[in-house]
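Novice: Just the structure for this:
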Amino acid sequence: MVSPEDSGYTGLMLKTASVGGKGVLYIAPIQEELNTQPLPPDSTSFSSMPKAMCHSCHTSYPLQILPLHVETCKISDTSPQEISDEDPDYRHPKPDMEDFETVCPICGQNFPPNELEAHASQCGESKADFIPSTSKHKMSISSAVVLHAILRLLPLLSQLHEGLKLYGLADLMSQYSNICQPLFVPGVEVKADADFVFAVCHPEFSEKGSNQEQVEVSVMNHLQDFLQELEACEHPEVGDYPGHLSPSTFLQWLTGQGHIPVLPEEKINFRVCVQFNHTCNIQYGVHTVCYPTVAACSNTIRLPVKHMQTYTEFKQVVIEAFHLGQAFHQV
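Specialist: Have a look, this model is predicted:
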């Protein structure tokens, strides 16, 4: 018998008594009987576990117990329905991949998928198999490179599939792919609009109440008006390309990405540091105009406020800097 301590039983105490979990401990209640009924799906014990909704009863269950629930859950209250081939939700069993062969895009021979990776890494190395790099064979060579890169992931995906099968999740994912997809794919890329771009811009203002701060606030107002104008003048049929200035391409110029971060944590921490240069005359001497400097690695832009006193000056300087500063150099 394991006697409790003053504070009751603890995990360390039970682990020591069971010799590190190798022994068996029996619980003998004194006044009550242990409840052996399964926990309800809304129990707090499942709060931190991944869940998915059952299509039949529309109840959210943890993934570990959802396969057991699906076997006993009825589709309707009257009688279970048999799934036929005509049912749109019916999915035919997938054939074994070992029964198929894939064509090598270089030599044209058929190989099983598990052997194609090793063949693709050596195909074309010998003189007899050598293919000259001409425009006729560019597509075949490109396909071989892409195929080789994809096949390198097959062992990793195979191990992942075996791990999912241990808990019965592989069959569950195959049957309810639309429910399980959000658990593995966080979302789709959404282009950044003017409001998002301006919201992630965090200016480093000068001392509060100073003349420099007033100028910097005016420049930030110019930036907000500029982004709103870009969004209003954007034509959806034109789309985004390196020479097309829009809120998303402007953000891509600053950070290297033109979409809103997909993961919630990345979206919260995503920001652009806006700095202000008041001493360009000291740095560059007498000059007519200088442009913003962008560091996409650190998500930083430094604005020369002397040349951005009015909105017209701000717009002209930023547009010229955007079109002339697509490469990794200083304009």
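
Novice: Mind jotting down where the strands sit in the chain?
Specialist: In the chain, the segments counted as strands under DSSP state E are 51-53, 60-62, 102-103, 110-111, 190-191, 201-203, 259-260, 272-277, 293-295, 300-304.

Novice: Which stretch among those strands approaches Arg152 most closely?
Specialist: Arg152 lies closest to strand 102-103 among those, at 14.7 Å (CB to CB). Just so you know, the C-beta spots here come from the backbone N, C-alpha and C atoms, and that holds for glycine as well.

Novice: Now that closest one: average pLDDT?
Specialist: Strand 102-103 carries an average pLDDT of 68.

Novice: The chain should start at 389 in everything you say after this.
Specialist: That works, and once the first residue is 389, the last one we named lands at strand 490-491.

Novice: List the buried residues of the lengthiest helix in the chain.
Specialist: In the chain, taking DSSP state H as the definition, the longest helix is helix 599-621. For helix 599-621, the neighbour count (16 or more other CB atoms under 10 Å) marks 603-604, 606-608, 610-611, 614-615, 618 as buried.

Novice: what do you get for stretch 548-568?
Specialist: Buried residues in stretch 548-568 (16+ other CB under 10 Å): 552, 556-557, 560-561, 563-564, 567-568.

Novice: residue contacts, Val660?
Specialist: Applying CB atoms under 8 Å, 6 or more residues apart in numbering to Val660 gives the contacts 585, 588-590, 639, 642-643, 687-689.

Novice: run the last query once more with 10 Å
Specialist: 585-591, 639, 642-643, 682, 684, 686-689 (CB atoms under 10 Å, 6 or more residues apart in numbering).

Novice: Grab the nearest non-local neighbour of Pro426.
Specialist: Distances taken as CB to CB, 6 or more residues apart in numbering place Ile453 nearest to Pro426, at 7.8 Å, with adjacent residues excluded.

Novice: pretty sure His590 is touching Asn657, no?
Specialist: No: His590 is beyond contact range of Asn657, at 11.5 Å (criterion: CB atoms under 10 Å).

Novice: Any idea what the residue nearest to His457 when sequence neighbours are not counted is bridged to?
Specialist: Excluding the flanking residues, the one nearest His457 by CB to CB, 6+ apart is Tyr449, at 5.2 Å. Beta bridges link Tyr449 to Ala440, judged by DSSP bridges.

Novice: Count the residues that sit near Tyr449.
Specialist: Residues lying near Tyr449 (other CB atoms under 10 Å) number 21.

Novice: distance of it from Gln425?
Specialist: Distance, Tyr449 to Gln425, by CB to CB, to the nearest Å: 16 Å.

Novice: The residue nearest to Pro426: what's it in contact with?
Specialist: 426-427, 429, 434, 437, 439, 555-556.

Novice: Now that we have these, which of them are buried?
Specialist: 429, 434, 439, 556.

Novice: Redo those as TSV? Include pLDDT and distance to Val412.
Specialist: Formatted as TSV, the buried ones among the contacts of Ile453 follow (pLDDT from 0 to 100; distance: CB to CB, whole Å):
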residue	pLDDT	distance to Val412
Pro429	76	29
Phe434	75	26
Lys439	80	32
Gly556	85	27
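
Novice: For Ile707, state which of those residues is nearest.
Specialist: Nearest to Ile707 among those, with distances taken as CB to CB, is Lys439, at 49.3 Å.

Novice: Isn't that closest one up against His457?
Specialist: No: look at Lys439 against His457 with CB under 10 Å: they stay out of range, at 11.3 Å.

Novice: shared neighbours of the two, anything?
Specialist: 429, 447, 449-450.

Novice: Show me where the stretch 589-719 of the chain dips below the pLDDT cut-off.
Specialist: In the predicted model of the stretch 589-719 of the chain, residues 622-631, 714-719 satisfy pLDDT under 70.

Novice: Please state the offset of stretch 403-410 from the chain centre?
Specialist: Relative to the mean C-alpha coordinate of its chain, stretch 403-410 is positioned 42 Å out (CA atoms, centre = their mean, to the nearest Å).

Novice: before we move on, what about stretch 429-436?
Specialist: Counting by CA atoms, centre = their mean, stretch 429-436 comes out at 26 Å from the chain centroid.

Novice: what do you get for stretch 695-703?
Specialist: With CA atoms, centre = their mean, you get 37 Å for stretch 695-703.

Novice: just curious, which of the contacts of Val660 is nearest to Ser546?
Specialist: Thr643 (36.1 Å).

Novice: ok, now which ones touch that closest one?
Specialist: Contacts of Thr643 by CB under 10 Å, 6+ apart are 580, 585, 588, 649, 658-660, 682-689.

Novice: Please check the residues you listed and keep the buried ones.
Specialist: 580, 585, 588, 649, 658, 660, 682, 687-689.
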